[in-house]
Every structure is written in C-alpha cells, then in structure tokens.
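**Q** okay, structure incoming, though there's no sequence with it:
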Ligand code: MOS
C-alpha cells in the first residue's frame, strides 16, 4: 500500500481497541522472568558452549602477538578465535570500526579474541591467560583540545539569510557555549547472542532492534548469503539505539560456533559494553541568538562540535534548531573532529536530545536578558512553517498549546521570575521549563496477516519490541481492523523469516510498524470479503463480517486452510511536502540543598503533541521512562574520558550513574488530543524519543531558577553549583 495522500476516515478511527490503555501483552512474561532472552535459549541450542570476549587494552595501535599457549591448555577451553583464524571478514554498512580487531586496534575494548569453553567461568578464566603484546600509537581523545587546536574539522553548514550581519546588528545578543558529555545507553540486557550452525545455515538468537539491517550486515561480515541466516530477536531488554546494528557478540558467536562445531553463546560482559560498542558522543555547542528588544529573534546560530572515529558521523545536535524557532537569519552547522575513542552513534533521540540540552538553556538565558517570561518568549518566536523553506508547513504543530497546557497544569504562575528567591527550610526551590522537539520519520514496513479456522488473526513482522509495547499496539491494530477481540490476535515479532518492517529506531517504530499491519489487514479484509462473496463495504465487528444483509463468522470464512496475506506500507511524497515533527513541553520543580548543593527533582510534567496515541498506557510509560533518562542526563550521566589512554573509565553500572527510584519524584504526562493525517493511516507519530527531548534543559533552568547559578556543562553535579 502506498501512502501518498492524507489519511481519511478508516476503521482505526473507531477507537474500540486502538487508543485504549491496554496492558502490555508481554508484560507478565517480562516481569516474571519467563520471556526467553537471547542468552537463555537453551531449548533452541542445547549443549551450547560459552564464549568470552577479550577487549583491546589499548586505544590505538596494533597487536604484535597473542601468546595463546596457557589459555589453550586451560580447563574446558574448546577454541580461541582471533583475527588469525576467523577467516576473511567483510564489513557491514553500519559499523565504523571492525567488530573483530587485530592486528590493527581502532579503539579501546575493541574485540580482539573470543575464548570458547564448556562454562562461562572457564572461558573467562582462560581469557585472562591470553598474553597480548601491543604496540601502542598516539591517539586523540580530547574533544575540547581538538576543537581549540585549529586542526581542520569536517564542517557542514546550513545557512539562511545573512546570519553574521543580523547577529552583529541585533539589539540584544547572547553568545554562549554549552557542553554535553559522552553517554552510555546502559540498557538492562547487555548485547547477547546464541549462534548455531546446521551445515551452512546459521541460526542466531540475539538482542537487536533492526532485524533486516543486522541480518544484512552479518551476511556481509561473514561473507555468506543473507538467506542462509535465520536471525531472531523476539524479546529484548532495552536498546536505546545500542542495538540498532550488528555488534561483536553476534559476529563472534557465529564464528565461534563454526570453529567449535557446536552452538556458542556470547554476552558482552557489562564492563566492556561502554567501550566495545557505541555511545552518544560528547558535544560542545556554541549558540548565538540575536533579538529585537520586543523579543523577536532575528538571528539564530548553533554550531556543534563532536568527535568520532575516522569515517564516523557527527552528532547532529543542531537538528532541532533548523525547525524550532522563527528568525530570518540562521546558521546551523556540525563540526567533526577525529577522535580515537570508541565509536559514537545513535542513542535515544540522537541529535535533538543533546541539542536541546543546549538550545533550551540559551532560550531561558535570552528570555531573562529580554525581561520576557520564558514561555511568552517561545510563543513569540513560534513558526508554523519550516523557517528555511516557508512554503513547507508543519503537518501538525501544537507547541504553543503544549506550553500553555503545561503552564496551567503545573502552576507556572508560582514561579518567581527572579532566581534564588524561594526558600523552604534548607532548600532553594525553582521551576524550569523547556520545549521538546523531535522529527517524525517514516519508513516502509511490512507484515503478514493470517486468519485461521478458529477465527484467530496472527500477525507476523520482523518489527521488534525493545520494551516499548510493539506487541501490544500491533495486536490492537489487528483487532481494530479485523473486528475481533484482542484475545483473538496473536503477534509474532523479531524474526528474519517475517516480512521486513521499519524496526525499532528513531521513534518511527510505533507509527510505521502499525501502519504496515494496517496495510496487511486491509488486504486480509479484502480477501475475506472476496471469499465470502460480500459487497466491498462489508463491516467487521464482533468476530463477524456483515454486508448485503448477510452475516458470517470470520472462522467460517477462513475455511479449513485459512487466509494469509502480506503487504508493505510505503511512504511517498507527503513527508517531503510537509515537515513532520513531534512537540512537547517539559516542566520541572527542583529543590537544591543550600549547604551541599545536592539537586533533588520534586515534580515533573511533560505535555506531548504527537499525533494519535495508540495506547495511552504504553505511551505514558515511554514518556516517563524518557523523563527519567532526562534526569540522568541532566544530573548524573557522564562517561569519564581518560584523555591519556583513551577510554571511558567508569564503564559499568557502579561507576556510570543512572537514576534509581529514589531519584524520581511525581511524574505526569499529558497527551494533547491530536491526529496527524500526514503521518500514516494510523495518524500516529512517535513519543519514545520526544519524551527525552528538552528534559535536561528544563532541569538546568529549574536549577538556575532555584539558585541563580547557570550551569552550561552537563551533568549538573553539585561541585558546579558550589
Ligand atoms: Mo534509536 S537511538 O534510533 O534506537
């Protein structure tokens, strides 16, 4: 099905099942520990041996030799995989560094060996006996130093009007620099794979967000046909972008299983995840705002520096600045420095999450400079068109309504415009706001739908559920479309033998994957109508199909062999004609201890305008999870860089702090009642990343309001407030 004209009325609009706060179908399995994760597939791969990954102990250079003698004779050892015996490895299209290093080492903890043994403990013990000698090379590890060194960085600029003159001539100006640190996804389930060969066919149980990308890259890496790989990822313990691509666990489990001639499991042990895999790269962002005294922005400049390995990409922290506020003269640009740290890549709301952490503090600062309320300042500079291309409107943009609704619900009027005025006992109290913005991406998505003789509808798609609720909203979509109760829908996900879906990334998963299921169900309805000989406008409800004065149970129409169809939704020009984005407003109250400067978040509110909310319960869970992540980003999370040796020092959950329950107060989420006819037949958009966008700055602005101390360097730890 091509989606190329705005959505009109369709069966989803009935909202009998869609739009209901249905419990997660996989919830009981996940919370009771019975959802089978990749590392636990003992049933599927009996007798599996255990692989242990050895990561490089230098950041850059080469391996001179690996003495394997002691390790080979250690108890239980079956095989040792290194670049020497792994065979010729190709390269997939998503990884910057190779997933098995040697002799060249490209980053710290790059995998350089896999020890396969009878037990995990034996593999781990033997890995310590590998004697590796390295020849280390000089590397660059310090983003700030690279930025100020004058060395050429890769620049990409976007210009509208004449920023330099407009900024120079502005009545009120702000020129500030902000920084965000390297961050780790820190998902609950580490990357893990169980691999088994049967002849030249490879079965892989793994934990991955994008089944088709990863199957393609695994085939390219191993140099085998894609259709000889069966890759399965039905249950995932979180991803946040860390599992978008093929990683070392999968490649090494496959090679290890081939060499050991038996199934092999590999989990990336928690202490190597941060350096072995990917992270959100640190940014340094310079923001220049020019305004007239009446508060109208005339010039917006936002440049972001980040680092990455050679051929890596910049963190696009200026993405939202291209769309968020009006101003005739604009400059946005990314600058990329080559660093020899581990590879930087997508983490929840890549671009906007760190970008808004800077931009939305700058907006707070500018509002104060102008003497205008921060919300009124943003309202004044709202735009309903793409500022770079005024003929392109936003499909839906209710940013002002988000701010106004939130201000009312949160009690914004209690805020003191002057900072450091509200005191309660030993605490300074403050309120802050920031807006959220994240683009809405659409990408094609397929599904298979089957009606069986029991009247049960089974949906199969390679879409994944990373803890987000995909199983549930897909079941709701099929139930709504086919007029059957939720209990009569079976959803099967995360399998490379199913039709290729949009996958879980970029907050496009909910809208696109359900739109693909919608398309398949439209076809299934047609097949039912045709087989039953009913008129085309037959209706589906209560497990029956009705039309032309007849009424038949779906089970009867299905017949003995059932009906099965497949379709893919494809998105055409609409997404180019209209700018599709999602919007939010965050409100935060903090208390800052006057003596220790400890920051406690007291209340949080998010208001989101994000198209149709398919399931308000799972959507709310996504947003409160994102708000929680935002608290981490504002106050705790930072991968500390060892700038001499080039690695992240605090590479486990003891050293990399994330919020715990005690850090999280009352959270509220309001969804504006919205449908977006340009997004898909579902009229939905994403919320999973939107929920994070702006949270950090809202907290930073609340801390400023409480204390009068403006921190522009995240995380806002207490030493920066004293
Ligand atoms: Mo997302 S960072 O595209 O999983």
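**A** Ah, there it is. Predicted model, so just to flag it, every value in this text is computed and none were measured.
**Q** contacts and neighbour counts: CA atoms only from here.
**A** OK.
**Q** contacting residues for the residue nearest to residue 303 when sequence neighbours are not counted?
**A** Leaving aside its sequence neighbours, residue 303 sits nearest to residue 333 (C-alpha to C-alpha, 6 or more residues apart in numbering; 4.8 Å). Residues in contact with residue 333 (C-alpha atoms under 8 Å, 6 or more residues apart in numbering) are 155, 156, 157, 158, 302, 303, 304, 318.
**Q** show me what the helix or strand that contains the second one is packed up against.
**A** Here residue 156, judged by DSSP states H and E, is contained in strand 154-160. Using 3 or more C-alpha pairs under 8 Å, 6 or more residues apart in numbering; DSSP states H and E as the contact criterion, the elements in contact with strand 154-160 are strand 329-338.
**Q** the inter-axis angle of the strand it packs on versus strand 154-160?
**A** 170 degrees (axes from the mean of the first three to the mean of the last three C-alpha atoms, to 10 degrees).
**Q** ok, is the next helix or strand after strand 329-338 in contact with the ligand or not?
**A** For strand 329-338, the following helix or strand on the C-terminal side (DSSP H and E) is helix 352-370. No - Helix 352-370 does not reach the ligand (C-alpha under 6 Å from any ligand atom); its nearest approach is 10.0 Å.
**Q** ok so, going back, what pairs with the residue nearest to residue 303 across the strands?
**A** For residue 333, the beta-bridge partners are residue 157, residue 303 (DSSP bridges).
**Q** helices of the stretch 201-350 of the chain, start to end?
**A** Applying DSSP state H, counting those that start in this stretch to the stretch 201-350 of the chain gives helices spanning 211-222, 248-260, 270-276.
**Q** likewise for the stretch 1-150 of the chain?
**A** Assigned by DSSP H, counting those that start in this stretch, the stretch 1-150 of the chain shows helices spanning 27-31, 69-72, 120-127, 143-148.
**Q** show me what the shortest one is packed against.
**A** This means helix 69-72. Partner elements for helix 69-72 (3+ C-alpha pairs under 8 Å, 6+ apart): strand 77-81, helix 120-127.
**Q** do that again at 6 Å, thanks
**A** Packed against helix 69-72, as judged by 3 or more C-alpha pairs under 6 Å, 6 or more residues apart in numbering; DSSP states H and E, are no other helices or strands.
**Q** got the residues of the stretch 401-550 of the chain near the ligand?
**A** Checking the stretch 401-550 of the chain against the ligand by C-alpha under 6 Å from any ligand atom, the hits are 505, 506.
**Q** which stretches of the stretch 401-550 of the chain form helices?
**A** Counting by DSSP H, counting those that start in this stretch, the helices of the stretch 401-550 of the chain are 470-482, 509-532.
**Q** can I get those in a markdown table with mean neighbour count?
**A** Formatted as a markdown table, the helices of the stretch 401-550 of the chain follow (neighbours: other C-alpha atoms under 10 Å):
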| stretch | mean neighbour count |
| --- | --- |
| helix 470-482 | 27 |
| helix 509-532 | 25 |
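**Q** make a markdown table out of those and add mean pLDDT.
**A** Below are those laid out as a markdown table (pLDDT from 0 to 100):
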| stretch | mean pLDDT |
| --- | --- |
| helix 470-482 | 98 |
| helix 509-532 | 98 |
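**Q** still on that earlier bit, out of the helices of the stretch 1-150 of the chain, which gets nearest to the ligand?
**A** Of all the helices of the stretch 1-150 of the chain, the one in closest proximity to the ligand, counting by C-alpha to the nearest ligand atom, is helix 27-31 (19.8 Å).
**Q** what does that closest one rub up against?
**A** Residues outside helix 27-31 that contact it (C-alpha atoms under 6 Å, 6 or more residues apart in numbering) are residue 35.
**Q** so which residues of the stretch 351-500 of the chain form strands?
**A** Along the stretch 351-500 of the chain, counting by DSSP state E, counting those that start in this stretch, strands occupy 385-386, 389-393, 422-424, 427-439, 445-451, 457-460, 489-492.
**Q** partner strands of the fifth one and their direction?
**A** With DSSP bridges as the criterion, the sheet partners recorded for strand 445-451 are strand 457-460 (antiparallel), strand 563-571 (antiparallel).
**Q** for the fourth one, same thing?
**A** Strands adjacent to strand 427-439 in the sheet, as given by DSSP bridges, are strand 422-424 (antiparallel), strand 581-593 (antiparallel).
**Q** got the contact list for that strand?
**A** 360, 415, 422-423, 581-594, 690, 693-694, 698, 701-702, 705-706.
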